[in-house]
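# Okay, here's the prediction I keep looking at, along with the sequence it came from:
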Amino acid sequence: MSKRAGAILFASGLILSACSPQAPPPTVNASMTQVMAPHAQTVWDITSRAFNARGDALDASKISDSDWAQMEKAGEQIKERAVILAKARRIVATAPGETIMGETAASPADKKSGDWDAASGKQVQAMIDANPALFVQRAQILANAGETIRKASRTKDARKLYEVSSNLDEVCDGCHQKFWGTDEPPPFPK
């Protein structure tokens, strides 16, 4: 095959790959339930066991090599998914038929009952659509937190890990309050 024919074949492949449809980014709900929540819980569980006697710092001797590795992976997964959401052309709250945590306890879309003010999937989508730049900003803050967890775990920096893990709930709540209507879990069913 000549160089020219090879170049044409290569260019054709690039054009075809650029034209092929890409898979849509994961929904916010899937990201939260399948990635963010379980990996944040890993970080919180491990760091909770590693508090010093005063409870104002982490004792690195209480964190095993396996724990560090789990937290490094958790930070990496949080960062990667948050970056995907931040770079998505359009952010989608839920897939068709998918419900968000607490949606069945949420007030109707046209009025809030005050009992529990989380939004439905449609309401979350409307809030994201109304301010996508803020959603991207919050996703980037979460990505930064994930990266800090990853780096602190890789270098076994208990002080830095304490700083980011103790603030992780506020990072999450900063998005929940703006786009979910609450930072509280739904009430336990009666």
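Yes, it's here.

# where along the protein do the helices fall?
If DSSP state H is used as the criterion, the helices of the chain fall at 3-19, 28-31, 37-49, 65-87, 121-130, 132-154, 158-179.

# list the buried ones in the last one?
So that's helix 158-179. Going by neighbour count (16 or more other C-beta atoms under 10 Å), the buried part of helix 158-179 is 158, 160-162, 164-165, 168, 171-172, 174-176, 178-179. Yep, even glycine has a C-beta here, placed from its N, CA and C like the rest.

# Can you add mean pLDDT and distance to Met101 and give the helices of the chain back as CSV?
Below are the helices of the chain laid out as CSV (pLDDT from 0 to 100; distance: least, C-beta to C-beta, whole Å):
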stretch, mean pLDDT, distance to Met101
helix 3-19, 48, 37
helix 28-31, 92, 8
helix 37-49, 96, 9
helix 65-87, 97, 17
helix 121-130, 90, 10
helix 132-154, 97, 17
helix 158-179, 91, 10
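
# Can you say which of those is nearest to Thr99?
Counting by C-beta to C-beta, Thr99 lies closest to helix 121-130 out of these; the figure is 6.4 Å.

# okay, the angle between the closest one and helix 65-87?
Orientation of helix 121-130 against helix 65-87 (axes from the mean of the first three to the mean of the last three C-alpha atoms, to 10 degrees) gives an angle of 70 degrees.

# For the residue nearest to the spatial centre of the chain, which non-adjacent residue is closest in space?
Of all residues in the chain, the one closest to the mean position by C-alpha atoms, centre = their mean is Met36, 4.2 Å from it. In space, and not counting its chain neighbours, Met36 is closest to Ile78: 6.0 Å by C-beta to C-beta, 6 or more residues apart in numbering.
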